[in-house]
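**Q** What follows is a predicted protein model with its sequence.
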Amino acid sequence: MTEEQWVRFARVERLPPMPWFNLRDMSDEDLRAMYRFIRALGPKGERAPAPVAPGTPITTPFIVFEPQRAAGAVESF
Ligand code: HEM
């Protein structure tokens, strides 16, 4: 992806929980700085695993991204 492509790609609406509106609202200057920083890290690593639909077996490590109620808490989320 070129720097110009990244500046456009970064402004596309994404699915939750991605805070895409924060990325969208970054200045071109900040998005370009991000691109150059990441490119300076060197060759890319392995591809991230594909998304898994609910109920489908998961074969890689994963994080449960779910709000928890604290013990004794009165308010819910
Ligand atoms: C500076 C911080 C972040 C940057 C630059 C960033 C950037 C991106 C980009 C470029 C994508 C699109 C990837 C693709 O389609 O190939 C993406 C997707 C995603 N991000 Fe982030 N992200 C950031 C923070 C976060 C955080 C904090 C979360 C969750 C807590 C998150 C969750 C996600 C998810 C779930 C997707 C997939 C959404 C979809 O498929 O539409 N991201 N992110």
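**A** Looks like it came in fine. Numbering: from 1, shown residues only.

**Q** C-alpha from now on. contacts and neighbour counts both.
**A** OK.

**Q** does the residue nearest the centre of the chain sit in a helix, a strand or a coil?
**A** Nearest to the mean C-alpha position of the chain, by CA atoms, centre = their mean, lies residue 18 at 5.0 Å. Three-state call for residue 18 (DSSP: H, G, I helix; E, B strand; the rest coil): coil.

**Q** Pull the contacting residues for it.
**A** By CA atoms under 8 Å, 6 or more residues apart in numbering, the contact list for residue 18 is empty.

**Q** Run through the residues of the chain sitting next to the ligand.
**A** With CA under 6 Å from any ligand atom as the criterion, the chain comes near the ligand at residues 10, 14, 15, 16, 17, 18, 19.

**Q** Give me the ChimeraX select line for those, limited to the buried ones.
**A** This is the ChimeraX syntax for the buried subset of the residues of the chain next to the ligand, where burial follows 16 or more other CA atoms under 10 Å:
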select :10
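
**Q** and which of the residues of the chain next to the ligand is nearest to residue 29?
**A** Taking CA to CA as the measure, residue 29 sits nearest to residue 10 out of the residues of the chain next to the ligand, at 12.5 Å.

**Q** Next, give phi and psi for that closest one.
**A** The phi/psi pair for residue 10 (degrees, to the nearest 10) reads phi -70, psi -20.

**Q** Contacts only, for it.
**A** Neighbouring residues of residue 10 by CA under 8 Å, 6+ apart: 20, 23, 24, 31.

**Q** List the contacts of the longest helix along the chain.
**A** Assignment by DSSP state H gives helix 28-40 as the longest helix of the chain. Here helix 28-40 makes contact (CA under 8 Å, 6+ apart) with 3, 6, 7, 10.
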